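Participant: Pasting a predicted model and its sequence here:
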Amino acid sequence: MVYAFRRIFLYSEGRKASAHLWRVCWDFALTVFYEITTTPDTCQEEDTPMETTPQPTLPAWGHRLHAVLALLGGAPVPDVTARFGIGRSILYTWRRRALTALQGALMDHRPGPQCPANRLSPAEEAPLVELAQRHPTWSAAQIQAKAGPDAPSPRTI
């Protein structure tokens, strides 16, 4: 849940939140989640129009958090869209992002770097491969010596 929270709500504007802001936001998110999951559902009459509840000033992620948690809590889509003053397509977009982030948060992740630090790019690797194919009996040290001063270490070759 922490991974999903960070991914959806704290990095939305393209910048990372401070540790204090993250903690405050996390406490707020847990409070909202608790309120949504413990509040009994109230049914409205069919003939009474739905009212848009004025929302307190929230950052963009707070508004998204309330809407997505309400939808995932079982509230009908028309009620959520009316309550938050948003369109269905935006709500479905936020829900899709939240579920994708939750799925990513629950998957097993390999610890450590995802690729080796000594991995060469294809542009750097191509001349070394070509040199090694021309001289199949050469060692990595010999290939490095012939490749020039910009060649990687023999352990990388």
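Facilitator: Okay, I see it.
Participant: List the buried residues for stretch 79-86?
Facilitator: In terms of neighbour count (16 or more other C-beta atoms under 10 Å), stretch 79-86 has its buried residues at 79-81, 83-84, 86. C-beta here means a position set from N, CA and C on the backbone, and glycine is covered the same way.
Participant: And residue 64, how far from residue 112?
Facilitator: Residue 64 sits 32 Å away from residue 112 when distances are taken as C-beta to C-beta, to the nearest Å.
Participant: okay, those two: which has more neighbours?
Facilitator: Neighbours were counted for residue 64 and for residue 112 using other C-beta atoms under 10 Å; residue 64 has more, 23 against 6.
Participant: could you point out which element follows the helix or strand containing that one?
Facilitator: Under the assignment given by DSSP states H and E, the secondary-structure element containing residue 64 is helix 60-72. Read in the C-terminal direction, the helix or strand following helix 60-72 is helix 77-84, with elements assigned using DSSP H and E.
Participant: Same question for the helix or strand that comes right after that following helix: list its buried residues.
Facilitator: Next in sequence after helix 77-84, counting helices and strands by DSSP H and E, comes helix 88-106. Burial within helix 88-106, assessed by neighbour count using 16+ other C-beta under 10 Å, is assigned to 91, 94-95, 97-98, 101-102.
Participant: Following element in sequence after helix 88-106, please.
Facilitator: helix 122-134.
Participant: So, low pLDDT: which residues of this protein?
Facilitator: Under the criterion pLDDT under 70, the flagged ranges of the chain are 1-59.
Participant: Domain map for it?
Facilitator: Listed by automatic domain parsing, the domain ranges of the chain are 2-106, 118-157.
Participant: For stretch 119-135, buried residues please.
Facilitator: Buried residues in stretch 119-135, defined by neighbour count with 16+ other C-beta under 10 Å: 128, 131-132.
Participant: circling back to that earlier point, now the helix holding residue 64 and helix 77-84, what's the angle there?
Facilitator: 150 degrees (axes from the mean of the first three to the mean of the last three C-alpha atoms, to 10 degrees).
Participant: list the helices and strands helix 60-72 packs on?
Facilitator: Packed against helix 60-72, as judged by 3 or more C-beta pairs under 8 Å, 6 or more residues apart in numbering; DSSP states H and E, are the following elements: helix 19-38, helix 77-84, helix 88-106.
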